[in-house]
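**Student:** predicted model, plus sequence, below.
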Number of protein chains: 2
Amino acid sequence: MIKRGLPTRRVQSFSEVLNKVNEIVGRVKREGDLALMELTYELDKVKLESLILDEEVIEARSGLLPREVRSSIDLIWEQLTSFHELIKPPSLGGGNRNVEYGILWRPLDRVGIYVPGGKRSYPSTLMMAGIPAVIAGVGEIYVATPVKGDLDPATAYISKKLKVKRIYPVGGAQAIAALAYGTETVQRVDKIVGPGNVYVQAAKFIVSGDVGIDGIEGPTELVVIADETADPKSVALDLMAQGEHGNSSLLVLISNSDEVLEKVSGLLQGDNEFYLVKANTLDEAVEMANGIAPEHLSLYTSRARELLPKVRNAGAVTLGKTPPALIDYSAGPDHILPTNGWARFRGGVTVYDFLKAISYVNAVDADKELAESARTLAEYEGFSIHGRSIGVRYE
Amino acid sequence: MIKRGLPTRRVQSFSEVLNKVNEIVGRVKREGDLALMELTYELDKVKLESLILDEEVIEARSGLLPREVRSSIDLIWEQLTSFHELIKPPSLGGGNRNVEYGILWRPLDRVGIYVPGGKRSYPSTLMMAGIPAVIAGVGEIYVATPVKGDLDPATAYISKKLKVKRIYPVGGAQAIAALAYGTETVQRVDKIVGPGNVYVQAAKFIVSGDVGIDGIEGPTELVVIADETADPKSVALDLMAQGEHGNSSLLVLISNSDEVLEKVSGLLQGDNEFYLVKANTLDEAVEMANGIAPEHLSLYTSRARELLPKVRNAGAVTLGKTPPALIDYSAGPDHILPTNGWARFRGGVTVYDFLKAISYVNAVDADKELAESARTLAEYEGFSIHGRSIGVRYE
């Protein structure tokens, strides 16, 4: 369905599921494994024999992966690794006024990755969450994924490459609750990463006071900015590709060319809503995109390089004819990206999601003026013992 | 009150205030300015004439700041700036397999800083939130702070230095709601940063699906690891200083020396609970601290350098006799730090809180194998249009 003009963002709302999910989280917190077993039966109609997938089963399933897919995964693995290695930050030290300070980037101890399941499998998502965790140096990686029947071979193969400690064949809000608080069997983790349906995201929201989360992921979003140099067929395919994720995808084409808009319009197929927008200039198009703050932004123009510095709000940007779908699989950067306007304040998943910056200070020889200024402000705020604890060192 | 042994962390719970805060947030969302005015009167007993502090009033209040405090703030300003300048990350570009990729660190457009008020003023907190925002290059900074009577002169002075766009003299959950969603008068922001009481934190939690937050800050925490080289008086003052923040502060001394424990115990005064813990070795002490994941960790030992690499979970670490209170004011790193166990997965506020990593890809000349591997995995996952959108470029 073609619509003209800018979309109003439909922010995903939890209000309808929040009570239900609250109940599920509470039940897992109280009853642990038992609740996990029962909820998986009640909600997913799966009768689990164990809450942990057997290593031999994983090995066997991994062995069933077609050779060609395995090679593709190996190649993608190497590409994603090269990206996250590039951006991995060094610990930094310096100083001022005889104070030595710095930050130590430390990996998280334990991370839980949620991999959606159900009708489809998403091994690419496991890679996108797992590789930056490995590059960051995370101690232990745990995976929760709903398994109907047998584990997907690609997921099995990747989890072996990631040296995943345990796979829990559990999905939904109950899986998030288990990772957040732990059960008899499930290890409590420090952070939960990964996309999922509205129940999963509502659960991530609920537990986010007690455990780190990467964000709350909603439906896919793509804004394409195309000028007359863009191939209409490619643009249409890009929009329809992101439409494959479901009918809630936010799909927008902005162009300064009526001809491009008309040609693409004629090629678009399927049930998705596609928004077509005319901009007077490409600069104006970028400002519109900044206002939307989309997950994916394609600068399908000959001026992509020049426009890139003007992009303020977007998860990941593809330049020129680069297909946005390449980011979903093999380009290097992550495909777990901010949606629902979150690109206003964060980027995609990176090694940074698995590192924390611990700051340190050695002020044993700090100059007296610096200590004195701290005392002065402490006294001003009425924290006299703060002041004394400083004064006693530098008097 | 002295207690022996490790504390059980009392995680701050919102459950008691959540309904009330939900109601406040909803009311501000629906009724905007009117709700802000009414709630400030109902909850804070303050009758506001305007929701924006007048520039001339800020100027006048700033002029009342004693010269000595102003100089201290100027010195601290320069010290904090030097730290955040040091750790500010560069945008990074690289590539692999003829794919060019990288991350652009972009500042957030608009940030809201919450500065607690009421009985005391916290100008130091405004600096700790504001300076990294300025260094990051944030476009517009807004401040919400409850004002009874007149604005604190130091807060006025610092807000001028920060070039704060507006100060809203509003506090509590209503201020957080206004910053998150905007009202007729209050600008909606991209991220809200700053500590506050349980109502403020519950509100930050509630709005965190729609706006960035730095975290949910609870009571102050300090773990001191002291050996026989530590000065008992200084240790006692450090613990009591963090106790000044309130009776919920988590205050722990771990030592391998019975003598240190006894001496400090004899010096501790006041209403706070102090936990004293004997460790067999300093390494064991560090492991205990990692388990607690405290906001502040003091390594008050001659082996501080050697122990630092073993710290995995802590907000900010002070080495040797460096007083933890120096971080609260002038050492350089931020005093807005993770509490409630959040140090397991994030550090203190830094420039990173005001930057987002936008990833970009130029794969116009990507090698065929890379494109092919993406297609293969897309097909495997059942996303055939993803595959076609890639194929159409590289065939």
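**Tutor:** Arrived safely, thanks for sending. Numbering: from 1, shown residues only, chains lettered A, B, ... in the order given.

**Student:** poorly predicted segments of chain A, please.
**Tutor:** A:10-12 (pLDDT under 70).

**Student:** scan it for its longest helix.
**Tutor:** Assignment by DSSP state H gives helix A:67-87 as the longest helix of chain A.

**Student:** touching chain B at all, that one?
**Tutor:** Yes. Helix A:67-87 reaches chain B (CB under 8 Å from any CB of the partner chain) through A:68-69, A:71-73, A:75-76, A:78-79, A:82-83, A:86-87. Just so you know, the C-beta spots here come from the backbone N, C-alpha and C atoms, and that holds for glycine as well.

**Student:** drop anything exposed from those.
**Tutor:** Listed as buried from the residues of helix A:67-87 next to chain B are A:69, A:72, A:73, A:75, A:76, A:79, A:82, A:83, A:86, A:87; burial here means 16 or more other CB atoms under 10 Å in any protein chain shown.

**Student:** out of those residues, the closest to residue A:140 would be?
**Tutor:** Nearest to residue A:140 out of these is residue A:73 (CB to CB; 22.1 Å).

**Student:** returning to that earlier point: what does the helix or strand following the longest helix of chain A contact?
**Tutor:** Sequence-wise, the next helix or strand downstream of helix A:67-87 (DSSP states H and E) is strand A:92-96. Residues from elsewhere that reach strand A:92-96 (CB atoms under 8 Å, 6 or more residues apart in numbering or on different chains): A:100, A:101, A:102, A:103, B:78, B:79, B:82, B:83, B:86, B:87, B:332.

**Student:** could these be laid out in TSV, adding distance to residue A:226?
**Tutor:** Formatted as TSV, the contacts of strand A:92-96 follow (distance: CB to CB, whole Å):
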residue	distance to residue A:226
A:100	52
A:101	48
A:102	46
A:103	41
B:78	48
B:79	49
B:82	45
B:83	44
B:86	42
B:87	39
B:332	47
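
**Student:** determine which two of those residues are furthest apart.
**Tutor:** Greatest spatial distance among the contacts of strand A:92-96 (CB to CB): A:103 and B:78, at 19.0 Å.

**Student:** wait, which of the residues of helix A:67-87 next to chain B is closest to residue A:328?
**Tutor:** Distance to residue A:328 across the residues of helix A:67-87 next to chain B (CB to CB) is lowest for residue A:76, with 10.7 Å.

**Student:** hang on, the closest one packs against residue B:376?
**Tutor:** No. Applying CB atoms under 8 Å as the test, residue A:76 and residue B:376 come out as separate, 9.2 Å apart.

**Student:** relative orientation of the helix or strand hosting residue A:62 and helix A:67-87 in degrees?
**Tutor:** In this structure, residue A:62 sits in helix A:55-63 according to DSSP H and E. Per axes from the mean of the first three to the mean of the last three CA atoms, to 10 degrees, the angle that helix A:55-63 makes with helix A:67-87 is 100 degrees.

**Student:** C-alpha coordinates for helix A:55-63, PDB please?
**Tutor:** C-alpha atoms of helix A:55-63 as PDB (Å, rounded to 0.1, in the frame of the first residue of the first chain):
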ATOM      1  CA  GLU A  55      26.100 -30.700  24.100                       C
ATOM      2  CA  GLU A  56      25.900 -33.800  22.000                       C
ATOM      3  CA  VAL A  57      22.600 -32.700  20.600                       C
ATOM      4  CA  ILE A  58      24.100 -29.400  19.600                       C
ATOM      5  CA  GLU A  59      27.100 -31.100  18.100                       C
ATOM      6  CA  ALA A  60      24.800 -33.400  16.100                       C
ATOM      7  CA  ARG A  61      22.600 -30.600  14.900                       C
ATOM      8  CA  SER A  62      25.600 -28.500  13.900                       C
ATOM      9  CA  GLY A  63      26.800 -31.400  11.800                       C
END
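
**Student:** do that helix and chain B meet?
**Tutor:** No. Residues of helix A:55-63 contacting chain B under CB under 8 Å from any CB: none, with a closest distance of 14.0 Å.

**Student:** what residues sit buried inside that helix?
**Tutor:** Buried residues in helix A:55-63, counting neighbours by 16+ other CB under 10 Å, are found at A:57, A:58, A:61, A:62.

**Student:** what residues does it touch?
**Tutor:** Applying CB under 8 Å, 6+ apart, the contact partners of helix A:55-63 are A:150, A:151, A:152, A:153, A:156, A:157, A:159, A:160, A:167.

**Student:** selection in PyMOL covering whichever of these are buried, please.
**Tutor:** Buried residues among the contacts of helix A:55-63 (16+ other CB under 10 Å), as a PyMOL selection:
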select buried, chain A and resi 151+152+153+156+157+159+167
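
**Student:** how close does the residue nearest to the spatial centre of chain A get to chain B?
**Tutor:** Closest to where the C-alpha atoms of chain A average out (CA atoms, centre = their mean) is residue A:336, at 3.6 Å. Distance from residue A:336 to chain B, counting by CB to the nearest CB, to the nearest Å: 11 Å.
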